[in-house]
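Student: Mind folding the following:
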Amino acid sequence: MGSAPQSIQSLLHIAAPDVADILGRARFLARIRAALLEILPEAAAPHIQVAAYESHHLRLHVASAAWATRLRYMEQQLARALAQRMQLQVNGIRIKVRPVNLGPFRPVQRARYLSTETQRHLKQTAAYIDDHALAEALRRLAAAGRSEPPG
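Tutor: Sure, this is the predicted structure:
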């Protein structure tokens with residue numbers, strides 16, 4: 001009989017210990033984030049990311065200066081919460097505004113501006129395409145584009 005199947009995690013530890021270390025670190029930072037979100041308002045979740053925990057200092061990245069200010073006022077409360085929930089010593093919290101790639105934000109809907117000529121060209125191209133799905137997508141794109149920016 002063959003051996004029992006191994007988990008991907010155990011295989012990663014064997015094959016690539018560096019990858020396993022990274023995964024473990026990511027899980028640790030996710031647990032810190034979860035502990036913080038227990039005391040923060042629900043609206044904070046998409047705006048806050050735990051970036052690092054090194055030498056008893058926590059680094060948070062936030063989506064805006066407003067969230068940074070709010071968290072700076074709560075630094076002591078956050079450190080106490082981590083000490084209680086995770087037995088984690090936090091001697092300081094550094095908060096940086098980093099609005100890019102914080103997490104699963106909802107994409108901002110931006111208006112598509114297409115000139116009238118571009119819209120006409122898309123519709124005309126769609127008329128000559130045999131692939132029905134592609135032709136329909138081009139027609140929808142032409143219809144969704146605005147001819148002029150507001151203002």
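Student: Only C-alpha atoms from now on, for both contacts and neighbour counts.
Tutor: Noted.
Student: Am I right that Leu58 is in contact with Ala52?
Tutor: Yes: here Leu58 reaches Ala52: they are 5.8 Å apart, a contact under CA atoms under 8 Å.
Student: These two: which has the busier surroundings?
Tutor: Set side by side, Leu58 and Ala52 show more neighbours around Leu58, with 20 against 17, by other CA atoms under 10 Å.
Student: Just give the closest residue to the more buried one, not the sequence neighbours.
Tutor: Ile93 (4.7 Å; CA to CA, 6 or more residues apart in numbering).
Student: and what of Gly92?
Tutor: Closest residue to Gly92 apart from its sequence neighbours, by CA to CA, 6+ apart: His57 at 4.9 Å.
Student: Over to Thr118?
Tutor: Closest to Thr118 by CA to CA, 6+ apart is Ala142, at 7.7 Å.
Student: That neighbour: neighbouring residues, count only.
Tutor: 23.
Student: average pLDDT for the helix or strand containing it?
Tutor: Per DSSP states H and E, Ala142 falls inside helix 132-144. Mean pLDDT, helix 132-144: 87.
Student: Buried residues, it. List them.
Tutor: 135, 138-139, 141-142 (16 or more other CA atoms under 10 Å).
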